[in-house]
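give me the fold of what follows.
(2 chains)
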Amino acid sequence: MTTPLLELSGLTKAYPGVVANSEVSFEIARGEVHALLGENGAGKSTLVKTIYGLVQPDAGTMRLDGQHFAPPEPRAARAAGVAMVFQHFSLFDAMSVAENVALGMETPPALNRLAAQIREVSQSYGLPLDPDRIVGDLSAGERQRVEIVRCLLQEPRLLIMDEPTSVLTPQEVQILFETLRKLRAEGVSILYISHKLEEIRTICDSATILRHGKVVGKCDPKATAARDMAEQMVGATLATPSRAGGRTGEVVLELSGLSAPAPRAFGTALKNIDLSLRAGEVLGIGGVAGNGQDELAMALSGEMSVAPGMIRLKDREIGTVGVNARRRMGLLCAPEERMGHAAAPDMSLTENALLTAGPREDLVRHGFLRWGRARGFAERVIERFDVRTPGPGTAARALSGGNLQKFVIGREIMQRPEVLVVNQPTWGVDAAAAATIRQALLDLAEAGAALIVISQDLDELMEISDRFAALNGGSLSPPRPAEGLGIDEIGMMLGGAHDMTPAHGEG
Amino acid sequence: MIRLDRRPEPSRAWTIATPFVAVALTMVAGGLMFALLGKDPVEAIRTIFWDPLFGDFASYSRPQLLVKAGPLILIAIGLSLGFRAGIWNIGAEGQYILGAICAAATGLAIYPAETWIVFPAMIVAGALGGLLWAMIPALLKVRFGTNEVLVSLMLVYVAEALLASMSLGLLRNPEGMGFPGSRNLAQYPSAANLDLIPGTGLHWGVALAFAAVIVGQVVMTRHQLGFRVRLAGQSPRAAVFGGVNPGWLVVVCMGISGGLAGLAGMFEVAGPAGRLSIDFNVGYGFTAIIVAFLGRLNPIGILLAGLLMALTYIGGELAQLQMNLPLAAIQMFQGMLLFFLLAIDVLTNFSFRFGRRAVA
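Okay, the predicted model is just below:
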């Protein structure tokens, strides 16, 4: 049992203009949880896709169990015992759990037999899941269980998990870790990709750190400080976000009895949300995905119209005011979904600057676009937020997720908002970029803007918020001062662990 | 095995090359079809593409090029706006007919008074006729969420029935000895849409089509409307976030395309056609859909595509006359053009890779 389960040697993959992986070599032992660390664009995705058969390397070899391993497609990788849980779920909302699992299998058994298998597997690994429920009704954590159970049914030897905890409550994270420990005890190896270094220190046995496509370090995460790992990842010393803090001004935004029906199927209705936000204040809103975050952000941005008096901006009723008019009044918004919502993928960064910055940056005059000014604005965002791209003429879809996120957040911050609503500002962004974004948000608050930060990353919310509130089933808990708030209290505010399937945390 | 890989950015080279490759492939496949029909493929292709411009009867067919291309371009420019936004007005043919009916009715109402107001009044009536006809699918879509493809297409057949009724009834020429069809507006000086330069085919409608190309180009590249149209077509959610009201955009795009189609009908009925009759419409509204896509929904491209399409029309007629090719073969030839265009279009966003995928 001394041969490692998976052995990578000299893996190299180049794309036009960028070397994604260069001479990557490391080993994953049997029954270990191996962390893969790196900034966005460090080449983690390419590497994982290579192992899963989605990408063919230009050079280098892999050995699985001592055998030559070069999966031409995911099917071959799955047959060899490699399974993967993606960051983005590929589930159909309108179908049941069992149907979704069947869709991912080569030769699915009859649906009732499959349902029995799902029950069995989910029970034995401590992941309660009802195969007959419709996926659209599940919480994000439960959806992830569907993906995990789908993988476990293949009895994998290597399970790859890409950012698995980004959608989970603290309690759900504990449940997931129990499952991973159980798998490890059975000899399954796990390749664990995450930005959350504390988690890696909790669960992982060894770690490989990637930077610019190369392996820059290996360490025992239990014996290494999170800060050291982060600095190896970035290749520089990290600054913790800081603010002088504390001074808040007048109430600028007021929500009273904000209610709205779900804008689409499987959406969440907003229920009677009351809130007042002062200038210079950061309000963090936590909650498990799908509890009304998108809907609240849309009601605030103006994409979803509500009764006039439900939203007041500086004593003006704006519930029915349009998106651009709200921008002119100083209320800006950065949605969660970068591709196709915050940015148009096929359009250039200059055009994407025009998408929201027209009214405040004077980019449109008499209906005509001022391309020069728009390009200048895009260039300033790129420079200030260190967006790595050849230039403002690049299509948004050509940027990595983290880079595009820096651009769309930067685009709003650079417009000097009076009230800024951001949804998942650092989602899928590497540690250094996340720190930049958080610092920029804090600086903005310092300068007197009021901020609402909606996020599922509780560490982030605790780091930057003055007050904290939680969304649960479309209702907002009363905000509480963030300082001194314990993780258990937060967990209760978020609505429990979602661990027993039929109870879904709200009445 | 052939594999398609998505390009990180749309290929510029292929965006430009696609129409040329499509035309070349159409010539090859069309030539094969003509050969199977027992005709000389080289002669057939020459008759369609070369003879109308430089053949023995070119002095007759050359002006026809502009006469046919004018309405195609004018309608296609309007359609391209909506198509870019993902609003599918398939009923330009009906809006074209309504434009012609309204314009002719306006002209005939004033007949035989000779005053300068007649022609402008007909232009306004034509544009309004097309615009209002397009508002039916637009408002139904905005208000009730109906499918504009179906409604606008079905309204073409309503428009054709209306045209027949007008030609046989209300607008029939009282001095026409009972034959169906209206008075000849081309012979009513105040209403006639004559060649601006005699013998060239360049009438007011063609001039307007050229102007529409320029305005279209400016709107698409420099105006907020063009930006919103592209945004809505590419990412509807981002468009809403960018402040676009989807319903408003449907009304504007349908209105513009309907208005331009109505104008095309007006210039046709007052000029080349001269009068309303049962067979007044010859499919410009449908062909303009092909022209819009052949021109890559780009105004300059549409200008070139309109001229090319007009050429295949005239050349196709010549080929029918001179080589006894069936009309269906000519229509198939034109269909091939759209087919190849859409097929090759894949290369703009994807790159082909042949075979080997397993070997590392």
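
tell me the residues of chain A that contact chain B?
A:56-57, A:61, A:70, A:72-73, A:301, A:303, A:322-324, A:327, A:333, A:335, A:337, A:340-347, A:351, A:354-356, A:358-359, A:364, A:367-369, A:371, A:394-395, A:397-398 (Cβ under 8 Å from any Cβ of the partner chain). In short, each C-beta sits where N, CA and C put it, glycine included.

assign the spatially most central residue of chain A to helix, strand or coil.
When Cα atoms, centre = their mean is applied to chain A, the residue found nearest the centroid is A:Trp427 (3.5 Å). Classification of A:Trp427 by DSSP: H, G, I helix; E, B strand; the rest coil places it in coil.

how confident was the prediction at it?
What the model reports for A:Trp427 is a pLDDT of 79.

ramachandran angles for it?
Reported as degrees, to the nearest 10, the phi and psi values for A:Trp427 are phi -70, psi 120.

around chain A, which positions in chain B sit nearby?
Residues of chain B lying near chain A (Cβ under 8 Å from any Cβ): B:8-10, B:222-225, B:227, B:230-231, B:234-235, B:237-243, B:245, B:357-358, B:360.

not counting residues beside it along the chain, what's closest to B:Ile290?
B:Leu338 (4.7 Å; Cβ to Cβ, 6 or more residues apart in numbering or on different chains).

so the one you found, which state does it fall into?
Here B:Leu338 is helix, with the state taken from three-state DSSP.

state the pLDDT value of it.
The model's pLDDT for B:Leu338 equals 79.

that one and B:Phe293 touch, don't they?
Yes. At 6.4 Å, B:Leu338 and B:Phe293 qualify as touching, with contact defined as Cβ atoms under 8 Å.

ok, the two, which is more surrounded?
B:Phe293 (22 against 18; other Cβ atoms under 10 Å in any protein chain shown).

contacts only, for the more buried one.
Neighbouring residues of B:Phe293 by Cβ atoms under 8 Å, 6 or more residues apart in numbering or on different chains: B:83, B:338, B:341-342.

doesn't it belong to a helix?
Yes. Assessed by three-state DSSP, B:Phe293 belongs to a helix.

that one and A:Gly187, how far apart?
B:Phe293 sits 58 Å away from A:Gly187, taking Cβ to Cβ, to the nearest Å as the criterion.

just the closest of the contacts of B:Phe293 to chain A, please.
In terms of Cβ to the nearest Cβ, no member of the contacts of B:Phe293 lies closer to chain A than B:Phe83, at 15.4 Å.

quick check, pLDDT for the closest one.
Value for B:Phe83, per-residue pLDDT: 96.

in this structure it contacts B:Ala292, no?
Yes. Counting by Cβ under 8 Å, B:Ala292 is a contact partner of B:Phe83 at 5.9 Å.

report the buried residues of the host helix or strand of B:Phe352.
Per DSSP states H and E, B:Phe352 falls inside strand B:350-354. Across strand B:350-354, burial judged by 16 or more other Cβ atoms under 10 Å in any protein chain shown covers B:Phe350.

which phi and psi does A:His341 have?
phi -130, psi -60.

tell me the confidence at it?
92.

surely it and A:Asn352 touch.
No. Using Cβ under 8 Å, A:His341 is not in contact with A:Asn352; the gap is 11.5 Å.

okay, now the closest residue to chain B within the stretch 51-200 of chain A: neighbour count?
Across the stretch 51-200 of chain A, the shortest distance to chain B (Cβ to the nearest Cβ) belongs to A:Pro72, at 3.5 Å. For A:Pro72, the neighbour count with other Cβ under 10 Å is 14.

ok but it is inside a strand, no?
No. The assignment for A:Pro72 (three-state DSSP) gives coil, which keeps it out of a strand.

pretty sure it sits against A:Leu54.
No. Contact between A:Pro72 and A:Leu54 fails when scored by Cβ under 8 Å: they sit 10.2 Å apart.

and the residue lying closest to B:Leu325 once chain neighbours are set aside, what are its phi and psi?
Residue nearest to B:Leu325 in three dimensions, not counting chain neighbours: B:Ala319, with 4.7 Å by Cβ to Cβ, 6+ apart. Main-chain dihedrals, B:Ala319, degrees, to the nearest 10: phi -60, psi -40.

so the residue lying closest to A:Val306 once chain neighbours are set aside, which of the three states?
With Cβ to Cβ, 6+ apart as the criterion, A:Val306 has its nearest non-adjacent residue at 4.4 Å, and that residue is A:Gly319. Using three-state DSSP, the structure places A:Gly319 in coil.

just read off the phi/psi values of A:Gly319.
phi -50, psi -30.

residues in contact with it?
So A:Gly319 contacts A:305-311 (Cβ under 8 Å, 6+ apart).

can you pull out the strands in the stretch 401-507 of chain A?
A:419-423, A:450-454, A:467-472, A:475-476, A:480-481 (DSSP state E, counting those that start in this stretch).

and whichever strand or helix holds B:Val206, how far from the chain's centre?
Using DSSP H and E, B:Val206 sits within helix B:204-222. Its chain's C-alpha centre and that of helix B:204-222 lie 14 Å apart, by Cα atoms, centre = their mean, to the nearest Å.

what helices or strands is whichever helix or strand comes after that helix leaning on?
Once helix B:204-222 ends, the next helix or strand along the chain (criterion: DSSP H and E) is helix B:224-234. Packed against helix B:224-234 by the contact rule (3 or more Cβ pairs under 8 Å, 6 or more residues apart in numbering or on different chains; DSSP states H and E) you find helix A:349-361, strand A:368-369, helix B:58-85, helix B:204-222, helix B:236-241, helix B:246-270.

quick check, distance from the third one to the centre of its chain.
A distance of 6 Å separates the C-alpha centroid of helix B:58-85 from that of its chain, computed with Cα atoms, centre = their mean.

the helix or strand following that helix to helix B:58-85, inter-axis angle?
Per DSSP H and E, helix B:58-85 leads on to helix B:92-110 as the next helix or strand towards the C-terminus. For helix B:92-110 against helix B:58-85, the angle by axes from the mean of the first three to the mean of the last three Cα atoms, to 10 degrees is 120 degrees.

next SSE downstream of helix B:92-110?
Following helix B:92-110 in sequence, per DSSP H and E, is helix B:118-144.

quick one: work out the angle between that next one and helix B:246-270.
Orientation of helix B:118-144 against helix B:246-270 (the same axes, to 10 degrees) gives an angle of 150 degrees.

what angle do helix B:118-144 and helix B:204-222 make?
Angle of helix B:118-144 versus helix B:204-222, following the same axes, to 10 degrees, is 40 degrees.

tell me how far the helix or strand that helix B:118-144 is followed by lies from the chain's centre.
Counting by DSSP H and E, the next helix or strand C-terminal to helix B:118-144 is helix B:148-168. The chain centroid and the centroid of helix B:148-168 are separated by 17 Å, computed with Cα atoms, centre = their mean.

quick check: buried residues in helix B:148-168?
B:148, B:151-153, B:155-156, B:159-160, B:162-164, B:166-167.
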